[in-house]
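**Student:** Build me a structure from this.
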Amino acid sequence: MAAGIDHLVTSGTFSLDGGTWDVDNNVWIVGDDDEAIVIDAAHDAEAILKALGGRTLRAIICTHAHNDHIDAAPALATRTGARIHLHPDDLPLWKRTHPDNAPDAELADGQVLTIAGTDLTVLHTPGHAPGAVCLYARDLGTVFTGDTLFRGGPGATGRSFSDFPTIIESIRNRLLTLPPETAVRTGHGEGTTIGDEAPHLEEWVQRGH
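**Tutor:** This next block holds a predicted model:
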């Protein structure tokens, strides 16, 4: 069978720059009946294991290294033997949460990850975080955007390691060039499509979203 997408929401906290906030995170599982990858192992390794349902976990992909997206990654890796993949530009953020653990593999722009016969292309999209990436699955008509693009605008850039002009350029050049019908599966909240968000780019620029 072709790869499918499973979704669960886990809850915990996000901490940076001395503040802590309660958050709900989207965890995405891409695979078939036998094998899968997890995109953003957030908060609850046990819940993610349950959602995997005994499938072989081939990789844990981190869209970026804010603590709410990686806090359960080492525990999930220990339980499954899966390798943790992160763009190297986000290692400084990773070390704030996991100073005694390191990711197992580096993500690179243009890299192709294959699971259950489906390719996911890594798009380096800095701005929300230096090493933020999105994963484009053309055959599934979807892009997993982490915290780079949401319904209604770009991810937050008001904290350390982030930059508004950079995230705008990432969205403009790497995401809005995808087919307009592409489903956007985000790191938090509801999804959207590239076509629904594209007309609003200049509005975001004007208001410094």
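
**Student:** CA only for contacts and neighbour counts going forward, please
**Tutor:** Fine.

**Student:** The residue nearest to Thr193 when sequence neighbours are not counted: what's it in contact with?
**Tutor:** With Cα to Cα, 6 or more residues apart in numbering as the criterion, Thr193 has its nearest non-adjacent residue at 4.5 Å, and that residue is Ala183. Applying Cα atoms under 8 Å, 6 or more residues apart in numbering to Ala183 gives the contacts Gly141, Thr142, Val143, Gly191, Thr192, Thr193, Ile194.

**Student:** Next: Glu106.
**Tutor:** His85, Leu86, His87, Pro88.

**Student:** Kindly state the beta-bridge partners for the first one.
**Tutor:** For His85, the residues forming beta bridges with it (DSSP bridges) are Ile61, Ala105.

**Student:** Asp22 now?
**Tutor:** Here Asp22, judged by DSSP bridges, has bridge partners Thr13.

**Student:** so it touches Thr13, yeah?
**Tutor:** Yes. Under the criterion of Cα atoms under 8 Å, Asp22 makes contact with Thr13 at 4.4 Å.

**Student:** Who has more neighbours out of the two?
**Tutor:** Comparing Asp22 with Thr13 by neighbour count (other Cα atoms under 10 Å), the higher total belongs to Thr13, at 16 against 11.

**Student:** if we can go back for a sec, which one among the contacts of Glu106 gets closest to Leu178?
**Tutor:** His87 (21.4 Å; Cα to Cα).

**Student:** if you skip the residues just before and after it, what's nearest to Ser170?
**Tutor:** Take Ser170 and drop its neighbours on the chain: the residue closest to it by Cα to Cα, 6+ apart is Thr125, 4.9 Å away.

**Student:** How many neighbouring residues does that neighbour have?
**Tutor:** When neighbours are counted by other Cα under 10 Å, Thr125 registers 30.

**Student:** isn't it right up against Leu135?
**Tutor:** No. If you go by Cα under 8 Å, Thr125 and Leu135 don't touch, sitting 10.0 Å apart.

**Student:** between these two, what contacts are shared?
**Tutor:** With Cα under 8 Å, 6+ apart as the test, Thr125 and Leu135 reach no residue in common.

**Student:** check contacts around Gly158.
**Tutor:** Applying Cα under 8 Å, 6+ apart, the residues near Gly158 are Phe164.
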